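Visitor: based on what follows, work out the 3D shape:
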Amino acid sequence: MTPEVRQLAEKYVWWQPPEQAVQRRDLLLCQLMQLGAWDDVCLARRLFGDEAFKQALKDAPPGVLDRRSWIYWNRFYGRVPVPPPPERPLP
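Guide: Purely as a prediction, here's the structure:
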């Protein structure tokens, strides 16, 4: 893990140790898409690549991205029409 990845993991998945956060890359990238400063998003795009961001959108955990971020990032990556966001199954 590079120092840059560690810093992103600590900042955006603060409730887990960085080693665990990096293993849940989709969550880390979705947290960045939801909360990230643009400089941090650009750094993550350089480190992980746009394909990783596209995959994170496809596998996004329910409730991580709000409606605005969901629409923005799906359009940013050319997923038009924007698919419905993931839903949390109710028991």
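Visitor: from now on I want contacts and neighbour counts done on CA atoms only, so please keep to that.
Guide: Fine.
Visitor: can you pull out the helices in this structure?
Guide: Taking DSSP state H, the helices of the chain run over residues 3-12, 18-23, 25-35, 38-48, 50-58, 67-76.
Visitor: can you put those helices in CSV and add distance to residue 82?
Guide: Formatted as CSV, those follow (distance: least, C-alpha to C-alpha, whole Å):
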stretch, distance to residue 82
helix 3-12, 25
helix 18-23, 27
helix 25-35, 16
helix 38-48, 21
helix 50-58, 11
helix 67-76, 6
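Visitor: which one of the ones you listed is the most hemmed in?
Guide: Sort the helices of the chain by mean neighbour count, taking mean count of other C-alpha atoms under 10 Å, and helix 25-35 sits at the top with a mean of 22.
Visitor: what's the angle from it to helix 3-12?
Guide: Here helix 25-35 runs at 60 degrees with respect to helix 3-12, directions being taken by axes from the mean of the first three to the mean of the last three C-alpha atoms, to 10 degrees.
Visitor: chain center to helix 25-35: distance?
Guide: Put simply, helix 25-35 sits 2 Å off its chain's centre (C-alpha atoms, centre = their mean, to the nearest Å).
Visitor: contacts made by that helix with the rest, please.
Guide: The contact list for helix 25-35 (C-alpha atoms under 8 Å, 6 or more residues apart in numbering) reads 9, 12-13, 21-22, 40-41, 44, 52-53, 55-57, 59-61, 64-66, 69, 73.
Visitor: same check on stretch 51-60?
Guide: So stretch 51-60 is in contact with 25, 26, 27, 29, 30, 45, 73, 74, 77, 86, going by C-alpha under 8 Å, 6+ apart.
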